[in-house]
Each structure stands twice: as C-alpha cells, then as structure tokens.
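S.K.: Here is my input, please return the structure:
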Amino acid sequence: MAIRDYTGSRGTSTMPITSKHYYLVMIRSDKDRSINIRYSITGVGADQPPNEVFSIDPEKGKMYVTKPLDREERSSYHLRAHAVDMNGNQVEQPVDLYIFVIDMNDNRPEFKNQVYNGSVMEGSKPGTTVMTVTAHDADDITTSNGMVYYRILQQTPHSPIPNMFTINRETGDIVTVAAGLDRERVSQYTVIVEATDMEGNLNFGLSSTATAIISITDVNDNPPEFTQSTFSGEVLENSVNVVVANLTVMDKDEPRTPNWNAVYRIVSGDNGRHFTIRTNPETNDGMVTVVKPVDFEMNRAFMLTVVVSNQAPLAEGVQASLQYTAGVTISVKDVNEAPVFPDNPKMVRFEEGVPAGTIITTFAAKDPDTFMQQSIR
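M.R.: As a prediction, the model looks like this:
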C-alpha cells in the first residue's frame, strides 16, 4: 500500500494547528486496479477519542483533517490505515501514520504572577540581584514561538536616575545597574516588565506585562543625633523610679528597627549610680530615671554626660555623628525631712534613789535639712 501527496518522511505528515478539512495524504493499494478497495483509519483521533478529527474517503483513500487542531492540547497522532476488499478481507498490511502538529504562535507569554515582590539593601553595588520574574509560553519552546525574552518598560520613581535596574533578557533576573539606592530618599520602586515571544521580536512577537515591586531595605547608615547639646531636669531628694529628664534624638533610619532604636549610656557625672536611662519604644526618647535616692544636703545637682548609639552597629564606612554626646543637668530639690535622733535607742544609767526632778539625760534631735535653718521643738 502506498502513501501519496504528503510532506515529510514515509508515513509522517505535518500541518498548521488550525487546519480544518485539510487534505492530508492519499493512501492507495496497488491492488485497486483489479478489485474494489475500501479504505479506513483507526486510532486516537479517528475511531478513538477525540473521534473524527481525521477522516478518509473510503473509495479514493484521501485522508483529511476535519477539525481544528491545537498543538497545546495534542502535538502528535498515531493512526493506522487499512485496506480491505468488498467482503471485508484484508488486502494489505496496515500502514502506520504519524502525524505531527506544527506549532503556530497563538499563545502569548503569561507571567506566573501579575505582581512580584522583591527587596534589595540600600547602598547595594551595581550588579546585585534583586529578584526573578518568570513568564511561560504554551507554544513550542524549541521554536521562536515559545522563546520568551524580557525587558523593562518603566521604572517609578525616576530617582536618582530613570534606569536604576536592568533585566536579563533570557532569565528574567532583575539586577541593580547603578549606585545610589537610598531608602531614606526612595523606599520603594515600581518596575513594569514585559515578556515577548518570538525571541523578543517586537514586530511579530506576542507580549504581556507584569509589575515588580522592589522595596529598599534599611541599613544603619544614619547614626542617632541628639536634638540639642544640653538637657536639664530636676528630682526631689529621696525619690525613686521617677523620670527626671527627657532626652530627644533624631534618626533617619527605619523606625522601630535595631537601626533606629536608641541606646543611651551615662559615661560620667554619676559615680553613685543614682540614674539610668531607659528608651521609650514609641518615641525613641531617653527617659532619665532616678533609681537610687539622692540627698540634697550632699548633692544639689548632677552634671551627667550621656552618649547615644543604636542597637545595631553602624554600616561599614559610616562614622558616628558629632552630635552623639549631650550634657544633662539634674537639679536636686530639697524636701522637708523629719528630725532624727542620733542615738535611738539611747541607753541611760542612773543610781537608785535619785530625787524626783533630777535630769538623768538629754535628747538632742538633728534636722537633716541643714540649709533650711529650721528650729526643732
């Protein structure tokens, strides 16, 4: 049995995927000159689901495609052609037919996500990988129809330049292309990415777009600075666990992170360790707190020297600010304290038989408030 009018090797045919009632091949037996032959085909696409994709003229042996083909649903078919006489007797051995569906560029690339989220540290060097976007094309990836290339259409904002990022046209890797990423100036970029098949040919290829959101992560490149060089407060003597002064700082790094959180330390002026400085977690202020009672009669004021730093160390190459030190003056306020007896209890000895009215001892109370000049009664 012979196969005529086909494209490709013997028993093989190819065709566009949208063909309908397309003449495919002709099957003829050499014995049709002497007897009447009836032709038929079997297999998937003929008498097996999906049925009747292919048909054959039983008398002439011409084979047709009767339904549109979609390579993405099925890329090939294996059929068998049969030739029998009018009594149904086989007159030829069945012929294998292999039909391969030719791909057409009928699918545009589709991104896995419409929005991608990535991040990169501020101050990153050019060439730093940020993220990867991926688009899939259902067409044949061994042909230009399924070969997807990427490009960046737009970056927002354009600061410090319009092209802070580039994309690997083949892999979809987004990388930094310029220096100058500064979270304190621009904390987030929006990048529109386009994927085009036909190897990126803008004239013939099909395209789709996705959005890449690039967040600039903080590094500790801004040291904390006191808002003023001196602060003051006051404390009542004998008070404990009372905030006596409030210190304010400014830090441009991301709030409520180790790069922003302030740590205060008293470096001089408090040899008796009367004070500590706690950090307000919301405002980052330093709350100077008395933790050990102070005595007005011994210290009327404290002159503290305080330094501030962050929980996280400064980034490499960043110097501490000249405003990381401040002076804090704490004035001690006198309170009216009760007189005290130096000897309490006091041991008194006297002989028996002492006459009534005899002075046996004298109690002398002292007033701790030596500067008030008060009388004791």
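S.K.: shaky segments in the stretch 1-150 of the chain?
M.R.: Within the stretch 1-150 of the chain, the stretches with pLDDT under 70 are 1-20.
S.K.: sec struct for the closest residue to F226 other than its chain neighbours, please.
M.R.: Nearest residue to F226, sequence neighbours excluded (CB to CB, 6 or more residues apart in numbering): A326, at 4.3 Å. In short, each C-beta sits where N, CA and C put it, glycine included. On the three-state scheme (DSSP: H, G, I helix; E, B strand; the rest coil), A326 is labelled strand.
S.K.: you'd agree A326 is up against M303?
M.R.: No. Look at A326 against M303 with CB atoms under 8 Å: they stay out of range, at 11.7 Å.
S.K.: more crowded one of those two?
M.R.: A count of neighbours by other CB atoms under 10 Å puts A326 above the other of A326 and M303, at 22 against 11.
S.K.: so what's that one bridging to?
M.R.: For A326, the beta-bridge partners under DSSP bridges are V306.
S.K.: Next one: it from Y23, what distance?
M.R.: Remark: distance between A326 and Y23 (CB to CB, to the nearest Å) = 93 Å.
S.K.: With V44 instead?
M.R.: Counting by CB to CB, the gap from V44 to Y23 is 21 Å.
S.K.: Run through the residues that contact the nearest residue to V133 once chain neighbours are set aside.
M.R.: Of all residues beyond its chain neighbours, the one nearest V133 is G172 (4.6 Å), with distances taken as CB to CB, 6+ apart. Each residue near G172 by CB atoms under 8 Å, 6 or more residues apart in numbering is listed here: 132-135, 150, 193, 195.
S.K.: now, which of those residues sits nearest P160?
M.R.: Using CB to CB, V193 comes nearest to P160 of the contacts of G172, at 20.9 Å.
S.K.: name the element that closest one belongs to?
M.R.: Assigned by DSSP states H and E, V193 belongs to strand 188-196.
S.K.: What strands flank that strand, and is each parallel or antiparallel?
M.R.: Applying DSSP bridges, strand 188-196 is found paired with strand 149-156 (antiparallel), strand 207-217 (antiparallel).
S.K.: Looking at those strands, which is nearest to S309?
M.R.: Of all those, strand 207-217 comes closest under CB to CB, at 20.9 Å.
S.K.: Report the mean confidence score over the closest one.
M.R.: Mean pLDDT, computed over strand 207-217, is 98.
S.K.: how about that strand: buried residues?
M.R.: Counting neighbours by 16 or more other CB atoms under 10 Å, one finds that the buried residues in strand 207-217 are 207-208, 210-212, 214, 216.
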